[in-house]
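Student: I need the structure of the sequence given here:
(one chain, ligands or ions: 1)
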Amino acid sequence: SDGWHEMRIRKFKKNFLFGAATSAYQVEGGWDADGKGESIWDKYVHENRNVVADGRNGDVASDSYHNWQRDVQMLRELGVDFYRFSISWPRVLPNGLSNEVNEAGFKYYDNLIDELLKYEIQPMVTLYHFDLPQALQDLGGWANPLSITWFEDYARVIFKRYAEKVKFWITMNQPNTICIEGYAGGGMAPGLSLEEGGAYECVKNVLLAHAKAYRLYEKEFEKEHQGNVGISIAVNWFDALVNTTENVEATERAREFEFGIYLNPIWGKEGDFPAIVKSIVDKKSKEQGFKTSRLPKLSAAEVKLLKGSADFLGMNHYTTFLVEPGTTKYESPSIEDDRNTKYSQGPEWKPGKSSWLKSAPYGLYKACIYLNFNYDYPPIIITEHGWSTGPGLGDQSRVDNMRAYLGALLLAIEDGTDVKGYTAWSLMDNVEWTAGTSERFGLYEVDFESESKTRTARLSALVYKHIIESREVEDNWAPSSLKIEIT
Ligand code: GBH
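Tutor: Sure thing, here's the model as predicted:
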């Protein structure tokens, strides 16, 4: 037969894993319950009362601290293989250090993990999703190199307790959000602007903390427990606005500053920060009168520690940006000045509720192929992909976006990308950081007005369930009602 014209139904293999994700600050609530310590997000939203768009912060959030049984029930309704959630560091170690352990906080995760395992849903645990213990921020947070040891100690406590039960670990969620949005004027906690170097110090320390935790697991836990340890990195796609030399160069800078800076030390052939990032920041620093580069060096030993320090790349992918040179922030020194890129998005791309979020599924395909060529076919788990809407159950735009991206993912897999799994962000509506609950990412709607934070399946929950069951993406499938049941 004429292979070219043969219609092929692309399917996800049987062993491809489907999951759903949340993070501690965004869903748990119980911000000071049962001995929990303060996190940087607690302090940030309490001291800056107007920072959260609709005023709904993480104090109560989706109240998963009390609703964990319902959360697992939802995961059973969806039929997912795993649940990605994060542990709140200050809930279990209130002052951040391992000398004081909060058993009551641990009890919550004991319950959640046991409930998941009871129904054969794999826990995928993120150790750090933006909520540093405030006590450690008081000591400089991730800008202090001691943070490497703080994190390693915390990781040891968690691995010891859960290595038996948890086989998927993510050390850090999105170092670029932690360091660039948190330490260089991006509006995320702790809300600092350390453009002179603190943000780059953070990048180095977060990477090394990750690597230390990875090596710790490798040395002390892997043999007995056979788990996988990765790191989640925001790999959105960046394309030239139009193909001029200036734009293509700016696009390369965008990719290297936005994700190469985290990928190259772990998956790059030579390791270390990308050459372009080093040369730009070194040169600018000199011009700015600094004695040494604002980008800290990685020693030979650190390069070695980092190289290969992940069993999988957790890829968080939401959207695509079109790149040209230029910046909206003209202060120098600043990271935006170093990067010298201006972003826009296709006018024809469908907009989500979040200003930065447009649907451009081809970008997921291109990002995967780029990773294959530049980082030698890393094993990938999509650890986040999702879409924001307003409230309401009929979320056709989320369905369209999910189908289009899963279709692109199937093509990327067919063209050789080693993708082991996909995680929908998010299982349920939650606190979208400073956007509060004004942007909803949930497969399940949460009624934040209700005492019990009632969860109700959206159309997308039923469609996702059907995709997981059928292993294929059917554009025309529709459920007969919005009723969802455990099957
Ligand atoms: C992920 O990162 C996070 O891991 C997750 O917690 C989050 O809920 C999800 O995506 C959806 O956003 O308003 O233009 O200033 C995304 C990190 C941080 C990206 C805030 C957008 C604000 C950009 N997000 N950032 S803007």
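
Student: Going by proximity to the ligand, name the top residue of the stretch 1-150 of the chain.
Tutor: Closest approach of the stretch 1-150 of the chain to the ligand (Cβ to the nearest ligand atom) occurs at Ser23, with a separation of 5.1 Å. Backbone N, C-alpha and C define where each C-beta goes, glycine included.

Student: out of everything not next to it in sequence, what's closest to that residue?
Tutor: Closest residue in space to Ser23, ignoring its immediate chain neighbours: His129 at 3.8 Å, by Cβ to Cβ, 6 or more residues apart in numbering.

Student: check whether stretch 400-412 contacts the ligand.
Tutor: No - contact of stretch 400-412 with the ligand is not found when judged by Cβ under 6 Å from any ligand atom; the minimum separation is 13.0 Å.

Student: can you give me the offset of that stretch from its chain's centre?
Tutor: 19 Å (Cα atoms, centre = their mean, to the nearest Å).

Student: For it, which outside residues touch it?
Tutor: 10-12, 317, 350, 352, 359, 361-362, 364-365, 368-369, 382, 385, 387, 419, 422, 424, 460, 463-464, 467, 473, 475 (Cβ atoms under 8 Å, 6 or more residues apart in numbering).

Student: Just the buried ones from these?
Tutor: 12, 317, 352, 359, 361, 364-365, 368, 382, 385, 387, 419, 422, 424, 460, 463-464, 467, 473 (16 or more other Cβ atoms under 10 Å).

Student: Which of these fall within strands?
Tutor: In this view, the buried ones among the contacts of stretch 400-412 that belong to strands under DSSP state E are 359, 382, 385, 419, 422, 424.

Student: Let me know whether Asn111 touches His66 as I believe.
Tutor: No - here Asn111 lies out of contact with His66, judged by Cβ atoms under 8 Å, at a distance of 10.7 Å.

Student: who has more neighbours, the two?
Tutor: His66 (16 against 13; other Cβ atoms under 10 Å).

Student: Quick check: the more buried one is in a strand.
Tutor: No - using DSSP: H, G, I helix; E, B strand; the rest coil, the secondary structure at His66 is helix, not a strand.

Student: And the pLDDT at Asn476?
Tutor: Here the pLDDT value assigned to Asn476 is 93.

Student: And His5, by the same measure?
Tutor: 52.

Student: do the one 3 residues further on as well
Tutor: The predicted structure scores Arg8 at 71 on the pLDDT scale.

Student: Now do the SS call for it.
Tutor: coil.

Student: ok, it - how many residues close by?
Tutor: Neighbour number of Arg8 under other Cβ under 10 Å is 7.

Student: quick one: the closest residue to Glu220 other than its chain neighbours from Lys167, how far?
Tutor: Counting by Cβ to Cβ, 6+ apart, Phe159 is the residue found nearest to Glu220 once chain neighbours are left out, at 7.4 Å. Plainly put, Phe159 is 12 Å away from Lys167 if you go by Cβ to Cβ, to the nearest Å.

Student: Looking at those two, which is more packed in?
Tutor: Taking neighbours as other Cβ under 10 Å, Phe159 and Lys167 compare with Phe159 leading, 23 against 17.

Student: and the gap between the more buried one and Ile40?
Tutor: Distance from Phe159 to Ile40, by Cβ to Cβ: 23 Å.

Student: Kindly report the same for Asn67.
Tutor: Counting by Cβ to Cβ, the gap from Asn67 to Ile40 is 24 Å.

Student: and after the strand or helix carrying Leu117, which helix or strand comes next?
Tutor: Per DSSP states H and E: Leu117 is located in helix 103-118. Using DSSP H and E, the helix or strand that follows helix 103-118 towards the C-terminus is strand 122-128.

Student: Now do the contacts for whichever residue of the chain sits closest to the ligand.
Tutor: Nearest residue of the chain to the ligand: Trp356, at 4.1 Å (Cβ to the nearest ligand atom). Taking Cβ under 8 Å, 6+ apart as the criterion, Trp356 is in contact with 318-319.

Student: What is the neighbour count of the residue of the stretch 1-150 of the chain closest to the ligand?
Tutor: 25.

Student: re earlier: ok, then the element right after the helix or strand encompassing the residue nearest to Glu220?
Tutor: Per DSSP H and E, Phe159 falls inside helix 147-162. In the C-terminal direction, the helix or strand that comes right after helix 147-162 (DSSP H and E) is strand 168-173.

Student: Can you spell out which helices and strands pack onto the next helix or strand after that following strand?
Tutor: Heading C-terminal from strand 168-173, the first helix or strand you meet, by DSSP H and E, is helix 175-176. Contacts defined by 3 or more Cβ pairs under 8 Å, 6 or more residues apart in numbering; DSSP states H and E place helix 175-176 against helix 198-220, strand 228-234, helix 261-267.

Student: And the longest one, how far out from the chain middle?
Tutor: Looking back up the chat, that one is helix 198-220. With Cα atoms, centre = their mean, you get 16 Å for helix 198-220.

Student: Show me what counts as buried in the helix or strand just after it.
Tutor: Proceeding N to C from helix 198-220, the next assigned helix or strand is helix 222-225, under DSSP H and E. Buried residues in helix 222-225, counted by 16+ other Cβ under 10 Å: Glu222.

Student: Helices of the stretch 301-450 of the chain, residue ranges please.
Tutor: Secondary structure of the stretch 301-450 of the chain by DSSP state H, counting those that start in this stretch: the helices cover 335-339, 362-375, 396-414.

Student: Give me the neighbour count for Ala53.
Tutor: So Ala53, with other Cβ under 10 Å, has 14 neighbours.

Student: First-to-last residue distance for stretch 462-478?
Tutor: End-to-end distance of stretch 462-478: 8 Å, with Cα to Cα, to the nearest Å as the criterion.

Student: start the count at 855, not 1, going forward
Tutor: Sure thing, new numbering starts at 855, so read that last one as stretch 1316-1332.

Student: in the sheet, who's paired with Asn1027?
Tutor: Beta-bridge partners of Asn1027, counted by DSSP bridges, are Ser1086.

Student: wouldn't it be in contact with Tyr982 here?
Tutor: Yes - Asn1027 sits in contact with Tyr982 when judged by Cβ under 8 Å, with a separation of 6.5 Å.

Student: Which one of the two is surrounded by more residues?
Tutor: When Asn1027 and Tyr982 are compared for neighbours, Tyr982 comes out ahead with 29 against 24, by other Cβ under 10 Å.

Student: From Asp1230, how far off is that one?
Tutor: 27 Å.

Student: Contact residues of the stretch 955-1104 of the chain facing the ligand?
Tutor: Near the ligand, when you scan the stretch 955-1104 of the chain using Cβ under 6 Å from any ligand atom, you find 1027-1028, 1031, 1035, 1041.

Student: before we move on, the earlier item: looking at the ones in strands among the buried ones among the contacts of stretch 1254-1266, which one is closest to Phe1113?
Tutor: Ile1236 (14.2 Å; Cβ to Cβ).
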